[in-house]
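# This is a predicted model, with the sequence first.
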Amino acid sequence: MERFEKKLTKTDEGSMLVIPARFSRNHMRPVEGGRSENIRVVDVGGTEWTFGYYVRRHRNPRPVLRSGWRRFVLEKELKVGDRIIFERVDGFPELYRIGAKKRIHLFGQVVWTDVL
DNA sequence: AGCCATGCACCG
DNA sequence: CGGTGCATGGCT
């Protein structure tokens, strides 16, 4: 799994992007629990973003993207049910690419459109 | 209000 | 039982 895709939940839209545990284990540098580390993410339009990669501690350890994530969501106008694709850029330890797709209704059909 | 850190609960 | 969605409480 070099990339993951997920439908945004309410948590993802409102506060933080929960990263699939397997992806973080396999493709992201381990971060000390409770510490936040910035990672660089480039979107499809070439814009570079910096997100705080944070690993929760204690009973529910889990990797999330937090600082900066909300701004991304607002800027792209992402909603629950939209999808994002997140993948690592080969050869760059802390560089990732992100793409978003929005659910829109067009002539009664559900259509997925890329967000730039 | 928004960010931060984590507790809780549910589901496969 | 691990993974993850959601809630909450403190702080600014």
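Right, received. Where do you want to start? Numbering: from 1, shown residues only, chains lettered A, B, ... in the order given.
# Next up, phi/psi of A:Gly45, please.
Main-chain torsions, A:Gly45, degrees, to the nearest 10: phi -80, psi 0.
# How much space separates it from A:Thr9?
24 Å (C-beta to C-beta, to the nearest Å). In short, each C-beta sits where N, CA and C put it, glycine included.
# Run through the bridge partners of A:Trp112.
Here A:Trp112 sits in beta bridges with A:Arg103, going by DSSP bridges.
# meant to ask about A:Gly99
Counting by DSSP bridges, the residues bridging with A:Gly99 are A:Ile85.
# Pretty sure it sits against A:Lys76.
No - with contacts counted by C-beta atoms under 8 Å, A:Gly99 stays clear of A:Lys76, the gap being 10.2 Å.
# so where do the helices sit in chain A?
Here chain A has its helices, by DSSP state H, at A:10-14, A:21-27, A:69-76.
# Just the buried residues of the second one, please?
By 16 or more other C-beta atoms under 10 Å, the buried positions in helix A:21-27 come out as A:23-24, A:27.
# ok, now the shortest one?
With burial defined by 16+ other C-beta under 10 Å, the residues of helix A:10-14 counted as buried are A:12-13.
# circling back: closest to A:Trp112 out of the buried residues of helix A:21-27?
The nearest member of the buried residues of helix A:21-27 to A:Trp112, counting by C-beta to C-beta, is A:Phe23 at 21.3 Å.
# Would you mind measuring from that closest one to A:His58?
On the measure of C-beta to C-beta, A:Phe23 and A:His58 end up 21 Å apart.
# Per-residue confidence at A:Gly34, what does it come out as?
With respect to pLDDT, A:Gly34 scores 77.
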